[in-house]
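A.B. asks: What shape does this take:
(2 chains)
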Amino acid sequence: MEGYVTAVNVTDLQSAVMRVGSLAVSARLLERGIEPVFQISCRDRNRLALQSDLLSAWAFGVENVLCITGDHPVLGDHTEAKPVYDLDSVQLLKAADMLNQGKDMTGHSLESSPDFFLGAVVTPSADPVEPQIIKMKKKINAGAAFFQTQAVYEPDKFEQFMNKIQSFNVPVIAGIVLLKSAAMARFMNSNVAGINVPQTIIQELEETSKEDRRHKTVEITARIIRDIKPFCQGIHIMPLGWNELVPEIIEQACLN
Amino acid sequence: MHATIQKPVEEILGYFKPGERVFIVGCDNCAAKCHSGGIPETEEMAGRLKSRGVDVIGWCVPQPKGVSLCKLANTARVLQEEYGKETGQADSFLVLACGQGFHTVMDATGGSMVHPGCDTIFGGETVSDTFITEYCSLCGECIVEYTGGLCPVTLCAKSLLNGPCGGAKDGKCEVDKTRDCGWQLIYERLKALGRLEELSAYKEPKNYSRWSRPRSLTIGEGEVTFKSLSGEHTVASHD
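C.D. replies: Here you go, the predicted model:
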């Protein structure tokens, strides 16, 4: 993927499933000269651990931080775990922004301060969208300098959303999850919040033979990217294992 | 009110040593409303345990009608005086009430062995005779003035203070498709009240030291003092 992507998102126990942490993976990516977007969620750590892990990330050279709430533990594989959520995502952004200004949450001065590029998430197709937009504004006030979105499949609706937040004047990186099959699209529609794959795309996938499916996935993804590109400042491709398709998608979407 | 639910009788049976003489105590307030320790349930439990070979030497639900078991003076009087003969012979007590009532029986019986017959599950509103639900988490720092009267600490699965996460679908929470998103309820209520601007204000992180356990309240003359890990906090009831 070298030469194709600018940065790689490193998720923080996504879907609340236990695995290696995003801090270690971000640090290993940096060793290989790959720029990480270090995701840090509020689910598993209190304010002491969150601030400390942010400073640890900076010690490893991590600059991009995406502050997120995190999926609830009952959605994952350790369903009896205690959910932490000591801070919410807005408060985490504010804490990280204070670290940037050389202070921790209690106002104590740091010996040296980080200089994180802070990001946050927003769900453009939430219904109603107004609470999302109000919270987005709060995130900006708290220090968010860029946004990543939940997967976008409806360019028209995404354009409407971007028009609503035009005055915020903040870069938005639109998300897109590779659709591997019609069944996967249907599953996401009924189970994943903020995702709506239009029926026309599901039909396209349905009418594609198994051998042509990867080709179709590339075509659909590239088409959506071309359609939404004029309204946003970046694209976040979530390949879910089909990583080898990413360069072709980027070429077809004329992103390079 | 403190909502409770009875433990399975098999679990309760496992508490008792052979030959242990047991006195059962219920509560005529919350546990009665929850049908976990009122007069009918306490009498029923006595029968269920007796039929399984437990030496139940008596039972009571302290009166007057509707009184809480957690009122120590009343519970001590009832157990020591009204039922003094039976309780004097008891090796242990089984309490069909909340954890506070449970401890009250320990205090009322001079530190006797007490067994919990219920799980204490939440503090709730008695919406009807058949439905009790939770609107408050007893956090020690009420913020519902700014959320249309609906508590996000309780109604949001993640207790978020600054608005919804992205996990709601069709107004339902990501943790349970049958449960309303707390922040959607707050948004709709604030909108209906014409107070949507409340949503825009940044909410500071909670002071969780006010939610430390155990906490206490001391009632003085014209003032009360709340004690938690955030310190002692005294409020006067007059100017």
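A.B. asks: pLDDT weak spots in chain A?
C.D. replies: A:256 (pLDDT under 70).
A.B. asks: ok, now with 80
C.D. replies: Residue ranges of chain A with pLDDT under 80: A:1-2, A:255-256.
A.B. asks: Please enumerate the strands of it.
C.D. replies: A:8-10, A:36-41, A:64-68, A:117-122, A:146-151, A:172-177, A:234-238 (DSSP state E).
A.B. asks: any chance of those in JSON lines, with distance to chain B and mean neighbour count too?
C.D. replies: For every residue, glycine as well, the C-beta is placed using N, CA and C. Converted to JSON lines, the strands of chain A look like this (distance: least, Cβ to the nearest Cβ, whole Å; neighbours: other Cβ atoms under 10 Å in any protein chain shown):
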{"stretch": "strand A:8-10", "distance to chain B": "15", "mean neighbour count": "21"}
{"stretch": "strand A:36-41", "distance to chain B": "10", "mean neighbour count": "25"}
{"stretch": "strand A:64-68", "distance to chain B": "9", "mean neighbour count": "27"}
{"stretch": "strand A:117-122", "distance to chain B": "6", "mean neighbour count": "23"}
{"stretch": "strand A:146-151", "distance to chain B": "6", "mean neighbour count": "22"}
{"stretch": "strand A:172-177", "distance to chain B": "11", "mean neighbour count": "23"}
{"stretch": "strand A:234-238", "distance to chain B": "14", "mean neighbour count": "20"}
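A.B. asks: Looking at those, which is nearest to A:Ile134?
C.D. replies: Set against A:Ile134 and scored by Cβ to Cβ, the strands of chain A come closest in strand A:117-122, at 10.8 Å.
A.B. asks: what does chain B have sitting close to chain A?
C.D. replies: When proximity is defined by Cβ under 8 Å from any Cβ of the partner chain, chain B lies next to chain A at B:157-170, B:174-175, B:183-184, B:187, B:199-200, B:202-205, B:208.
A.B. asks: try 7 Å this time
C.D. replies: Within reach of chain A by Cβ under 7 Å from any Cβ of the partner chain, chain B has these residues: B:157-169, B:174-175, B:183, B:187, B:199-200, B:202, B:205, B:208.
A.B. asks: Tell me how many other residues crowd residue 4.
C.D. replies: In the absence of a named chain, chain A is used. 14 (other Cβ atoms under 10 Å in any protein chain shown).
A.B. asks: switch to chain B, that's the one I care about
C.D. replies: 29.
A.B. asks: Contacts only, for A:Trp242.
C.D. replies: Listed by Cβ atoms under 7 Å, 6 or more residues apart in numbering or on different chains, the contact partners of A:Trp242 are A:178, A:180, A:217.
A.B. asks: Okay, now the unreliable bits of chain B?
C.D. replies: For chain B (pLDDT under 80), the answer is none.
A.B. asks: How about the secondary structure of B:Thr178?
C.D. replies: Counting by DSSP: H, G, I helix; E, B strand; the rest coil, the backbone at B:Thr178 sits in strand.
A.B. asks: Endpoint to endpoint, stretch A:187-206 covers what distance?
C.D. replies: In stretch A:187-206, first residue to last residue: 14 Å (Cα to Cα, to the nearest Å).
A.B. asks: what does it rub up against?
C.D. replies: Stretch A:187-206 is contacted by residues A:123, A:125-126, A:150-151, A:153-154, A:179, A:181-182, A:185-186, A:216, A:220, B:166-169, B:174 when judged by Cβ under 7 Å, 6+ apart.
A.B. asks: Swap in 8 Å and give it another go.
C.D. replies: Applying Cβ atoms under 8 Å, 6 or more residues apart in numbering or on different chains, the contact partners of stretch A:187-206 are A:123-126, A:150-151, A:153-154, A:177, A:179, A:181-182, A:185-186, A:213, A:216, A:220, B:166-169, B:174.
A.B. asks: Tell me which residue is most central in chain A.
C.D. replies: A:Gln148 (4.8 Å; Cα atoms, centre = their mean).
A.B. asks: pretty sure it contacts A:Leu118?
C.D. replies: No. A:Gln148 is not in contact with A:Leu118 according to Cβ atoms under 8 Å; the separation is 11.8 Å.
A.B. asks: what residues are shared contacts of these two?
C.D. replies: With Cβ under 8 Å, 6+ apart, A:Gln148 and A:Leu118 have no common neighbours.
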